[in-house]
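K.L.:
Predicted coordinates and the sequence they were generated for:
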Amino acid sequence: MSSGNAVLTASLQAFAKLMEEGAQLGVNLVESLLGSSPQSLQSLGKLIAAGEVLSSCDSCRIPQPCWMPRPLCEVNSPGRPGDTASLCFVITNCTMARRTATVFTTSSTSGVSFNPSLLDLGPMERGEITVSYVIPAGSPVGEKTELLIWVRGCRLYFLRWTVTVGLIGASSCYEVDVKDCPDLVHHWYDHFYCPRPCLEERGVPPNR
């Protein structure tokens with residue numbers, strides 16, 4: 001037998017042994033699972049299901065482009081007519097430059113106030129702005145008012161705040177933590193985006 005044939009034969013034998021060991025490992029794993037408690041099998045099933053969800057959803061989801069405003073969270077506040085619902089924005093300037101942070105609303109609802117109106121934050125400093133909404137007297141139970149609240153600093157953020165009129169009030173200030181940091185990372189999905197203006201920005205009449 002030539003040296004070349006000998007090397008090939010040895011390689012095939014090593015590969016066959018590797019396959020045999022892999023098959024035996026699988027058999028041992030199945031036997032171990034069959035002897036496990038129902039709780040262990042249930043936990044394993046949950047892990048597999050979670051892995052399937054992550055592989056089918058999160059790994060394929062493309063986030064918003066960097067120039068879009070960042071969503072914070074959605075807040076629901078209950079209150080009685082005449083009560084004051086509040087949000088407390090804790091804003092951290094995580095840059096090395098002095099920056100002004102403001103909180104405002106683009107909703108036309110009256111009764112919204114801001115205290116203070118803005119923050120002058122030095123590098124790494126933190127401050128708080130409280131947003132308050134007075135529920136009008138005589139509001140019917142079940143009525144909902146949605147407010148769009150914006151935070152402008154190094155970046156632009158938004159939050160949807162729903163105030164629901166009920167029979168029981170909740171005197172609390174929901175705290176929203178805002179880490180106002182620049183986006184310095186070149187993301188893998190950046191090249192998927194390009195500017196595509198809305199119709200009116202392209203001069204297309206509304207009835208076309």
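P.N.:
Right, received. Where do you want to start?
K.L.:
got any ranges where the protein has weak pLDDT?
P.N.:
The chain contains residues with pLDDT under 70 at 1-5, 7-8, 11-12, 15, 22, 25-60, 170-171, 206-208.
K.L.:
which residues of it fall in helices?
P.N.:
Using DSSP state H, the helices of the chain run over residues 3-34, 38-53.
K.L.:
Now stretch 92-104: buried residues?
P.N.:
Neighbour-count burial for stretch 92-104 flags Thr92, Asn93, Cys94, Thr95, Arg99, Ala101, Val103, Phe104 (criterion: 16 or more other Cβ atoms under 10 Å). C-beta coordinates here come from the backbone N, C-alpha and C atoms, glycine included.
K.L.:
what's next to it, contact-wise?
P.N.:
89, 91, 114, 117-127, 129, 131, 149-154, 177-182 (Cβ atoms under 8 Å, 6 or more residues apart in numbering).
K.L.:
hmm, try it at 10 Å
P.N.:
Residues from elsewhere that reach stretch 92-104, judged by Cβ atoms under 10 Å, 6 or more residues apart in numbering: 87, 89, 91, 112, 114-127, 129-131, 148-154, 157, 159, 176-182.
K.L.:
And for stretch 196-208?
P.N.:
Pro195.
K.L.:
next one: that stretch to chain centre, how far?
P.N.:
Computed by Cα atoms, centre = their mean, to the nearest Å, the chain-centroid distance of stretch 196-208 equals 31 Å.
K.L.:
Please export the C-alpha coordinates of it as CSV.
P.N.:
Output of stretch 196-208 as CSV, limited to C-alpha atoms (Å, rounded to 0.1, in the frame of the first residue of the first chain):
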residue,chain,number,x,y,z
ARG,A,196,-36.8,58.7,1.4
PRO,A,197,-38.9,61.9,2.0
CYS,A,198,-42.7,61.7,2.6
LEU,A,199,-45.0,62.5,-0.3
GLU,A,200,-45.6,66.1,0.6
GLU,A,201,-41.8,66.7,1.0
ARG,A,202,-41.4,65.4,-2.5
GLY,A,203,-44.0,67.8,-3.8
VAL,A,204,-46.6,65.2,-4.6
PRO,A,205,-50.2,66.6,-4.3
PRO,A,206,-52.3,65.0,-1.5
ASN,A,207,-54.9,63.5,-3.9
ARG,A,208,-52.5,61.7,-6.2
